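> Turn this into a structure:
(chains A and B)
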Amino acid sequence: MFAKKMFTRGAALIALTTASFSTLAEEVNIYSFRQAFLIEPIMEKFTQETGIKVNVLFAKKGLIERVKREGELSPADLVLTTDISRLVKLTSQDLTQSVNSDILNKNIPSQYRDPENQWFALTTRVRNIYSSADRVGPVDVTYQDLATPAFKGKICTRSGKHPYNVSLVASVIAHEGEANAKVWLEGVKANLARKPQGNDRAQVKAVKDGLCDYALGNNYYLGKMLANPKQVAWAEAVSINFPNQKTTGSHVNVSGVVLAKYAPNKENAVKLMEFLSGDVAQQMYAEVNYEYPVKVSVQPSKLVASWGQFKADVLPLAEIAKNHEAAVKLLDEVKFDL
Amino acid sequence: MTSKKFSFYKLLPWGVTFLLVMPILALVMSAFSVDESGSFQHLIDTVLLDYTLTTLHVIAGVLLLSFCFALPSAWFIACCEFPSRGILQWALMLPLALPPYIIAIVYTDFLDFSGPVQQLLRHLMHCQSVNDYYFPDIRTTNGAIVILSLSLYPYLYLLLRGAFLGQSGGLFQAARTLGLSPLQAFRRVSLPLSRSAMAVGLSLIAMETLGDFATVNYFAVSTLTTAVYDTWLELGSLTTAAKISSIMLLALVILISLESYSRHKQMIYQRSGATHTDLRFVLTHWKKWAVLVFLWSLLSFAFVLPIGVLVYYAIGYFSESLNSQLWQYTLNSFWLAIIVASLALVVALLVNFYQRLSPGIFSKMSIRLSSLGYAVPGTVVAIGVLIPFTSLDLWINRQLVEFGFSRVGLIFSGSLFILVFGYLMRFSAIAVGSIDSSLAQVSPTLDLASRSLGQSAGQTIARIDLPLIKKGMLTAFILVFIEAMKELPAALLLRPFNFETLATYVYQFVSDEMIEYAALPALLIVLMGLIPFIVVNRLLEKDC
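This next block holds a predicted model:
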């Protein structure tokens, strides 16, 4: 009896989830590399305005494989991700389709979208170098400085293999060539205070704890730590620095979106893309997540703006993505994480 | 009639085994395709040796340490009498309900520089900076070994305790009368008798360790699993990733087969199921205290302390983490785990009885193969499962369109089916293992007696074997249930839209290093794992 009930229940669950893809008309499905709770407020706003229901599937690994395997049957309309290399990978594996939207073209500056309209960046973020507020203070520093003897034993970072670091290495390769990049990376490795570990916030915490004086980290983490009662003390222990201001400019990465090749709800999906590039969503990205909006007319949050203007690296994002594989291999060659 | 029935017996287990192995076959096949990226060579040239050595280090360490935790615990509980034995006997299994990545995070928070332990130390020693004193770094290979052992030892404990309890006390007593000391009798009688359980337990632990990514990754330890992820997801070479996975699996299969071959002549069967409680040693004086300190410290480090920290966080962030969906996620996790545990039990009974009815190399293989999924990292299993089922879905839909029907969508790979299947593939090994070790104790002469009295094979199974392995079946069910409650990577990647389990919900926060918000749902995972555990334990105790 129990078993019977159990299996009918299971069967019903299975039937229900299968059915939900095909029957509901006004919806849009997102495969997201970003945590659902980060994008939920924005999606709720979209549903309020349009009545279109947004379904989100969050995972950090393997979503691209899943879309690829599902082929023409994939329920995914949009893939939402951080890091330029993933956007380019989706495009190069022929999992996307182009979107010709005046709204998108107007909202997103051309350097932040694919020339063929396959991917669109929604926010930008800077790879900053944090320094200890007590022991160092604000400094004019370059990524290249991190490999010099003056920084010996003073640097903390997360795993080199994390997309944010891989893209930074890729940008150095793009600027200086692979051979120079390798010398640089070896230098940085030799200067590390400890084996790469934890996430960007953990590095700031390590600076507070006195384990190191400098830490690599994206800008928005500082905003998030200041908003977290437990972490505010970590954030207050560091100064945020925009590297390479007198040279190439700070390395900037993006979060963005693509329209899936076989998107079943294409119209709704494009509507959502346009919404994400519009004032309301861009404002929310800026205020809630402390990222830089791509839309020029939308201002960053007060806190982020207080960190000042900075010079961003003008290297095309596609150039960085092109060197992604070389960067991963270089990180192996110098055994950065070991 | 008989021959038809006979072939059905064979066909079904092989069918099930094939289904479970299919995703791995898909992976192995892609390992043999031509690799244009050259990333395998790149790995050999750079980090493969380091990764391999680290992997061996981790596995050897976890096996050794789990063994040191589990063997004495199982022996003390099964064969000695001391205060609080009744509680400890089941409490020592509790760490199973706690996901290892949660223990890892809790301990890192607890033991790192700004954690309470080092704060206290600095306060006591009047130190300020990190350079003033030495404290072992937890985010190291050895840290990972300790944490993995603390969360995995219960497998071995559970199986060994069962084996010690199942052993006829008479044998041990006989050895004692023949002049052996308790330790000698233990080493020369009890230990060899429990080798099958030990082998199953250790191989489960080795497989789980090999398949782990979250914990070692959190400890910044790069193993072969890291290489699988890097080559697959960063360098985009499925071929290389599949190659590494295949080599890892092959090594494991060889190891397990060697072990099993080395005891192929050993046959141990229990004569009577009754345990001899009156034969337990009553521990006194320092022995009693030593045992109590050992067992209670083990339990504290593996369970009480992490739970305490979680409870502390959960109370502090209660209003933020309590929401209306939590109940739904709990139900999702619960039903999923029940379904998976039931199916895994069926699979385990099928392949094990196939082996019992027609022993031989093929049935042995079916047992081994159906267990392989456990040693593969969850994300790899997930993608391995996606390969055949998305192909099947695509094929079905194309056929339908061909014949003028409309598409039905991803009926297998887009529904809960694939999630259940992925879990099953990953956790069948646990059920297969525990049924294997309990069935091994039922003497085939019982089957022969029953058959010679005119009962059919089916009747013999139903009336003799199944009742005798009832405990093993319950254990298998609970273990899979608990694993399914904790399972993360396969759940993340295979679930349909709008379907969260407690584990995927916890991961959202944990992956953003917000453990405080994840504490309440994490405690729910533990709690849900404990309920069936306690219920069944009650049942078992009544039984004996």
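> Show the backbone phi and psi for the residue minimising distance to the centre of chain A.
Nearest to the mean C-alpha position of chain A, by CA atoms, centre = their mean, lies A:Thr82 at 2.7 Å. Backbone torsions for A:Thr82, taken as degrees, to the nearest 10, come to phi -100, psi 160.
> give the contact list for it.
Going by CB atoms under 8 Å, 6 or more residues apart in numbering or on different chains, A:Thr82 touches A:33-34, A:163, A:253-255. Bear in mind the C-beta positions are built from the backbone N, C-alpha and C, glycine included.
> same check, this time on B:Ala503
By CB under 8 Å, 6+ apart, B:Ala503 lies in contact with B:99, B:333, B:485-488, B:491, B:525.
> how far does the helix or strand that contains it sit from the chain's center?
In this structure, B:Ala503 sits in helix B:502-510 according to DSSP states H and E. Distance of helix B:502-510 from the chain centroid (CA atoms, centre = their mean, to the nearest Å) equals 20 Å.
> what's the answer for stretch A:99-115, then?
Worked out by CA atoms, centre = their mean, stretch A:99-115 lies 19 Å from the chain centre.
> And stretch A:120-128, by the same measure?
7 Å.
> Same check on stretch B:466-479?
Here stretch B:466-479 shows a centroid-to-chain-centroid distance of 16 Å under the convention CA atoms, centre = their mean.
> model confidence over that stretch, on average?
Stretch B:466-479 comes out with an average pLDDT of 87.
> If you count neighbours, what's buried in that stretch?
Neighbour counts over stretch B:466-479 (16 or more other CB atoms under 10 Å in any protein chain shown) mark B:466, B:468-469, B:471-479 as buried.
> for B:Tyr155, what are its contacts?
B:Tyr155 touches B:66, B:70, B:96, B:201, B:204-205, B:208, B:430, B:479, counting by CB under 8 Å, 6+ apart.
> if you look at the residues you listed, which of them are in helices?
Here DSSP state H is the test, and the contacts of B:Tyr155 give B:66, B:70, B:201, B:204-205, B:208, B:430, B:479 as lying in helices.
> out of the residues you listed, which are buried?
Using 16+ other CB under 10 Å as the burial test, these include B:66, B:70, B:201, B:204-205, B:208, B:430, B:479 as buried.
> Put together a markdown table for those, with distance to chain A on each row.
Listed next are those as a markdown table, based on distance: CB to the nearest CB, whole Å:
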| residue | distance to chain A |
| --- | --- |
| B:Ser66 | 24 |
| B:Ala70 | 29 |
| B:Gly201 | 29 |
| B:Leu204 | 25 |
| B:Ile205 | 24 |
| B:Glu208 | 19 |
| B:Ile430 | 20 |
| B:Leu479 | 18 |
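> Quick check: which ranges of the stretch 401-544 of chain B have low pLDDT?
In the predicted model, the stretch 401-544 of chain B carries pLDDT under 70 at residues B:539-544.
> distance of the closest residue to B:Ile430 other than its chain neighbours from B:Leu12?
In this structure, B:Ile430 finds its nearest non-sequential neighbour in B:Leu479, 4.8 Å apart by CB to CB, 6 or more residues apart in numbering or on different chains. Separation of B:Leu479 from B:Leu12 (CB to CB, to the nearest Å) stands at 23 Å.
> What of B:Phe334?
Distance from B:Phe334 to B:Leu12, by CB to CB: 29 Å.
> Counting neighbours, go ahead and name the busier of these two.
For the pair B:Phe334 and B:Leu12, the greater number of neighbours falls to B:Phe334 (19 against 13), based on other CB atoms under 10 Å in any protein chain shown.
> so the more buried one is in which element?
helix B:325-357.
> Mind jotting down where the helices sit in the stretch 51-200 of chain A?
For the stretch 51-200 of chain A, the helices defined by DSSP state H, counting those that start in this stretch occupy A:63-70, A:84-92, A:102-107, A:163-176, A:178-191, A:200-208.
> residue ranges with poor pLDDT in the chain?
In the absence of a named chain, chain A is used. Within chain A, the stretches with pLDDT under 70 are A:1-25.
> Oops, wrong one, chain B.
In chain B, residues with pLDDT under 70: B:1-9, B:35-36, B:168-169, B:263-279, B:539-544.
> Name the residue most distant from the centre of it?
B:Gly404 (46.8 Å).
> Is any residue of stretch B:28-48 near chain A?
Yes. Using CB under 8 Å from any CB of the partner chain, stretch B:28-48 reaches chain A at B:37, B:39, B:42-43, B:45-47.
> Looking only at stretch B:494-508, what residues are buried by neighbour count?
Buried, per 16+ other CB under 10 Å, within stretch B:494-508: B:494-497, B:499-508.
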